[in-house]
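> predicted model and sequence follow; I will ask about them next.
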Amino acid sequence: MAIAKNAKEMPIQHERQVPTKSAVWLAFADCMCSLLCSAAEGSVLTYFYVYHMGLNWGLASIAWIVFGIWNAANDPIYGFIADRTKNKLGRRIPWIRYGAPFIALSFILTWIKFPSMQGNQAFLMTQMIVCLFFFDLLYTAIASALYVMPYEMAITNKARSPIFIWKIIFSIISTGIPMFFNGLLSDMLDTSANPNGYTTFMWIMIGVGIFGGFVMFFSTFFYKENGYIKDEPQPKFWDGLKACLKNKSFLLFEVLSITVIYAQSNLMNGLTAAWEMWGDAPGWLGSGLSQYLCLGAMALGVVIALLVDTKLREKWGAKNLTLVMCASMAAGCFLGSFFGRYLYALILAFFLIGAGFAGGMYLIPIVNGDVIDKDEMVNGSRREGTYAGVNSLITKPFMSIAQVTYMAILQGYGLEGKQDTAGQTVYKWAEQSAAAKNGFFIAWMLIPACLLVCSFAAMSFFPLHGEKWNEEKAALAKRHAEKETAYEQEILQKEAKAASPKA
């Protein structure tokens, strides 16, 4: 056991710790970027264009498929470019700082309702695709940079851990606000009952966009990257892509990453429908109280799991805790799929899902960091951007797939839309048939449950675990510290030479 102990102590000796202010500001910026994305690329966007603006669901599905193709193609290209960015601020920070004002503007423009265009199918589908296109272009650049910054700032899981903990704390905002906001959308955008609802909605989106852009921009003054990395050679595009796809640990991680993308998108989709369909059913406590009990149970699961994960990370390892996460969340989703119509079963399901969600927020970035560290050990260069891009190439289409399959399953169970006074198709959740209401839980949670079982199986074979891996990580941390020290000394020597009077 002495070897394992030394392996843990070595990074403390050689690696610089991440300042608290740097971890907080990076996590806050990541939170605001995620908050914008959860609306502009998630259920709020679908609800706004389909249920409020009157876009046909079939055309909305086509928009999501077109976006999914673009979404997959642009990420690896950006990752390749980002890894080769040479700027005095680093490889990542310029994308965050200079992209922040533009993503705020793009977010705000997404929610504009053009005069006389409500119900115009061709125009609305085009508007939805264009808005998704430009927002995601900016989101890819900023979110990818924010996502990989912890791997630029630190090597060991112990040094990276405070960043991920702060990310989870801020995820209360990026996750909780959309959940709460989704429950208000139906009433807010019901213009027959609330004529000023769209105006309120638009001002909320303007405020969120401006504040989010400000936080992302301002955060870049509180953290920095290792300077030497931007000068290291990088492989060619296709060589780098092949190296990623040959990395066994990366391919196993992708099963987990796909699951997280799909589950997050799908579970958010059903939040509004759940309370409207079942809130007043026998055995429930009304839509409001039932919603708060479920979300409260989820929050409790998040807190307990986070405490357990941070306490046991060094002892159990990220791999074993990830297996527990998958099992917990899968159990919750299966429970919700088949027994969700019973309120107290759904509350327990939300508790287990919350425990899994916390594990995903904390453990998945740690596992991903290990994958990138292993690549550097094998290939000799840091390629976080390339890995983030290839990860998005594989996983992001599942955001669109989740949107499409959720509604397709519901329609298979008999979901029906009705024509309103303006001739638009609207979906009144409370007025659906018994078959559609029961099938809702299958559409909502069954596929995520099955994917989580697949993730458990994949992570069982994940190789980056144990004492030998701890030793390799410690050695890598030492090499990074030595390189950065040499780089800083070289910069100081150049500055001293430039400042000295000429002979």
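Looks like it came in fine. Keep in mind the model is a prediction, meaning the values are calculated, not measured. Numbers count the residues shown, from 1 in each chain.
> alpha carbons only for contacts and neighbour counts from here, please
OK.
> can you count the residues close to V130?
Other residues lying near V130 total 15 when counted by other Cα atoms under 10 Å.
> for it, give its distance to L105.
Counting by Cα to Cα, to the nearest Å, the gap from V130 to L105 is 14 Å.
> okay, and the common contacts of the two?
Residues touching both V130 and L105 by Cα atoms under 8 Å, 6 or more residues apart in numbering: none at all.
> same for the helix or strand in which S171 is found, what does it pack against?
If you go by DSSP states H and E, S171 is part of helix 157-188. With contacts taken as 3 or more Cα pairs under 8 Å, 6 or more residues apart in numbering; DSSP states H and E, helix 157-188 sits against helix 20-40, helix 121-153, helix 197-219, helix 271-278, helix 343-379.
> which residue packs closest to L293, ignoring adjacent ones?
Using Cα to Cα, 6 or more residues apart in numbering and skipping residues adjacent in sequence, the residue nearest L293 is I347, 6.7 Å away.
> show me the shaky parts of the stretch 201-350 of the chain.
227-231 (pLDDT under 70).
> ugh, typo on my part, it should be the stretch 401-503 of the chain
Residues of the stretch 401-503 of the chain that meet the cut-off, pLDDT under 70, sit at 419-427, 495, 501-503.
> ok, which stretches of the stretch 351-500 of the chain are helices?
Along the stretch 351-500 of the chain, counting by DSSP state H, counting those that start in this stretch, helices occupy 384-395, 397-412, 434-441, 447-459, 467-499.
> could I get the ones you listed as TSV with distance to G336 and mean neighbour count?
Listed next are the helices of the stretch 351-500 of the chain as TSV, based on distance: least, Cα to Cα, whole Å; neighbours: other Cα atoms under 10 Å:
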stretch	distance to G336	mean neighbour count
helix 384-395	24	24
helix 397-412	15	20
helix 434-441	7	20
helix 447-459	9	21
helix 467-499	38	15
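> export those helices to TSV and append columns for distance to I142.
TSV is the format used below for the helices of the stretch 351-500 of the chain (distance: least, Cα to Cα, whole Å):
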stretch	distance to I142
helix 384-395	11
helix 397-412	18
helix 434-441	35
helix 447-459	27
helix 467-499	25
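> quick one, which of these is nearest to P178?
helix 397-412 (16.1 Å; Cα to Cα).
> mind exporting that closest one as PDB, just the C-alpha atoms?
Extracted in PDB, the C-alpha atoms of helix 397-412 (Å, rounded to 0.1, in the frame of the first residue of the first chain):
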ATOM      1  CA  PRO A 397     -27.100  14.000 -32.200                       C
ATOM      2  CA  PHE A 398     -28.700  12.200 -29.300                       C
ATOM      3  CA  MET A 399     -30.100  15.600 -28.100                       C
ATOM      4  CA  SER A 400     -32.100  15.700 -31.300                       C
ATOM      5  CA  ILE A 401     -32.900  12.000 -31.200                       C
ATOM      6  CA  ALA A 402     -34.300  12.400 -27.600                       C
ATOM      7  CA  GLN A 403     -36.600  15.200 -28.800                       C
ATOM      8  CA  VAL A 404     -37.900  13.200 -31.700                       C
ATOM      9  CA  THR A 405     -38.300   9.800 -30.000                       C
ATOM     10  CA  TYR A 406     -40.000  11.300 -27.000                       C
ATOM     11  CA  MET A 407     -42.900  12.700 -29.000                       C
ATOM     12  CA  ALA A 408     -43.000   9.700 -31.400                       C
ATOM     13  CA  ILE A 409     -43.500   7.300 -28.500                       C
ATOM     14  CA  LEU A 410     -46.200   9.600 -27.000                       C
ATOM     15  CA  GLN A 411     -48.000   9.700 -30.300                       C
ATOM     16  CA  GLY A 412     -47.800   6.000 -30.500                       C
END
